[in-house]
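>>> Quick one: sequence plus predicted model below, questions after.
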Amino acid sequence: MDAETNGEGDLRTPALQGRKLPELADRLAELLDRYRAADPPPGIADVVLPAAAGEIRTSGRARKVSVSIPEDLTAAVQRRAGPGGFSQYVTDAVARQLELDLLAELADLMEGEHGPVPATALAEARCAWADRE
């Protein structure tokens, strides 16, 4: 996922534009603290789910929402997740996608601050993997 830049390394994403990593980390911590301190709206419960091998641990308030998913995809998730596991399966998938989105934003920020990774460093990293092609 490539992000546009303004030529100075700042992302054009309004929430990230002109920000440096320490500022973003501080802002994220502040927002999380404010979120946790807020009273939950009616109909929202705190949920803590156990983390099993290969699963993402999610905690916090859960809210019932309605989403539209193609029938064939819904059936595939139901078969894979089993009875009562649909919500957890979808929650894990959404959490993984958010994690990937944040990692892409972090990579864009790092490239904006430090420039692209040199080709020699990429080649060295590729050689370090045992299963490289």
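Here it is on my side, so go on.

>>> what is the rounded mean pLDDT of the helix or strand containing Leu103?
Leu103 belongs to helix 86-114 when elements are defined using DSSP states H and E. For helix 86-114, mean pLDDT rounds to 88.

>>> For that helix, name the packing helices and strands.
helix 21-37, helix 71-81 (3 or more C-beta pairs under 8 Å, 6 or more residues apart in numbering; DSSP states H and E). C-beta: built from backbone N, CA, C; applies to glycine.

>>> rank the ones you listed by mean pLDDT and give me the bottom one.
Ranked by mean pLDDT, the helices and strands packed on helix 86-114 bottom out at helix 21-37, with a mean of 67.

>>> my read is Gly60 is in a strand, agree?
Yes - Gly60 forms part of a strand when assessed by DSSP: H, G, I helix; E, B strand; the rest coil.

>>> Convert the C-alpha atoms of stretch 84-92 to CSV, please.
Provided in CSV are the C-alpha atoms of stretch 84-92 (Å, rounded to 0.1, in the frame of the first residue of the first chain):
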residue,chain,number,x,y,z
GLY,A,84,-20.9,-19.7,17.8
GLY,A,85,-17.5,-18.7,16.3
PHE,A,86,-18.6,-16.4,13.5
SER,A,87,-18.2,-13.1,15.5
GLN,A,88,-14.8,-14.1,16.8
TYR,A,89,-13.6,-15.1,13.4
VAL,A,90,-14.7,-11.8,11.9
THR,A,91,-13.3,-9.8,14.9
ASP,A,92,-9.9,-11.5,14.4
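
>>> Name the residues of it that come out as buried.
Val90, Thr91, Asp92 (16 or more other C-beta atoms under 10 Å).

>>> what about the second one, distance to Ala62?
Note on Thr91: its distance to Ala62, by C-beta to C-beta, to the nearest Å, is 8 Å.

>>> With Ala130 instead?
For Ala130 relative to Ala62 (C-beta to C-beta), the value is 40 Å.

>>> Who has more neighbours out of the two?
Taking other C-beta atoms under 10 Å, Ala130 and Ala62 do not tie; Ala62 has more neighbours (16 against 4).
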